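Peer 1: no sequence for this one, just the structure:
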């Protein structure tokens, strides 16, 4: 009798188990593929641009003149981290960062600021920010000293009325607080 049971029941059950396994594998594969996020609109490439030596030297002159304690980054900007933060980190240029900031010049004149957090896609910011912001975590504070080639270069930045906010070839200072990273 055991042989009869095996012949009549074992074979159909085994086939059903194989079919079930295949269906389960296909379902899991479909679920993983359909749930994976793709960001087709984010095509930012990391830049390997380095500021020219003359810009780095001029930037160092300002850092020295204003007695600023800052570190030189390999790309040629300077930075000082006043609070490293404790939260999430920037994983790529497609991250949206929420920041409060002040932007200005070494002489203390400001050209822009935000006392309320604003959201920016990191890859849409100037190169100095793209390189410096990932040095701190969520909740962190960083001061960034940027030469022209890592900022706006020879472009003049104006407001909506045409007034010059940032002259061409300006050396810039940013004080940034990173609220959140998404």
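Peer 2: Arrived safely, thanks for sending. From a predicted model like this one, the values you see are computed outputs, not experimental measurements.
Peer 1: element containing the residue lying closest to residue 115 once chain neighbours are set aside?
Peer 2: Closest residue to residue 115 apart from its sequence neighbours, by C-beta to C-beta, 6 or more residues apart in numbering: residue 100 at 6.3 Å. Backbone N, C-alpha and C define where each C-beta goes, glycine included. Taking DSSP states H and E as the definition, residue 100 sits inside strand 96-104.
Peer 1: tell me how far that strand is from the chain's mean position?
Peer 2: Computed by C-alpha atoms, centre = their mean, to the nearest Å, the chain-centroid distance of strand 96-104 equals 13 Å.
Peer 1: list the buried ones in it?
Peer 2: 97-104 (16 or more other C-beta atoms under 10 Å).
Peer 1: export the residues you listed to TSV and tack on pLDDT?
Peer 2: As requested, the buried residues of strand 96-104 are exported to TSV (pLDDT from 0 to 100):
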residue	pLDDT
97	97
98	97
99	98
100	98
101	98
102	98
103	98
104	98
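Peer 1: of all those residues, which comes closest to residue 180?
Peer 2: residue 98 (4.4 Å; C-beta to C-beta).
Peer 1: beta-bridge partners for that closest one, please?
Peer 2: Beta-bridge pairing of residue 98 under DSSP bridges involves residue 119, residue 180.
Peer 1: that one contacts residue 118, correct?
Peer 2: Yes. Residue 98 is within contact range of residue 118, at 7.0 Å (criterion: C-beta atoms under 8 Å).
Peer 1: how far does stretch 140-154 sit from its chain's centre?
Peer 2: 15 Å.
Peer 1: over to stretch 49-61?
Peer 2: For stretch 49-61, the distance to the chain centre is 23 Å (C-alpha atoms, centre = their mean).
Peer 1: which parts of it are buried?
Peer 2: Using 16+ other C-beta under 10 Å as the burial criterion, the residues of stretch 49-61 that qualify are 51, 55-56, 58-60.
Peer 1: picking up where we left off before, show me the two of the buried residues of strand 96-104 that sit farthest apart.
Peer 2: Greatest spatial distance in the buried residues of strand 96-104: 98 and 104, 20.8 Å, computed using C-beta to C-beta.
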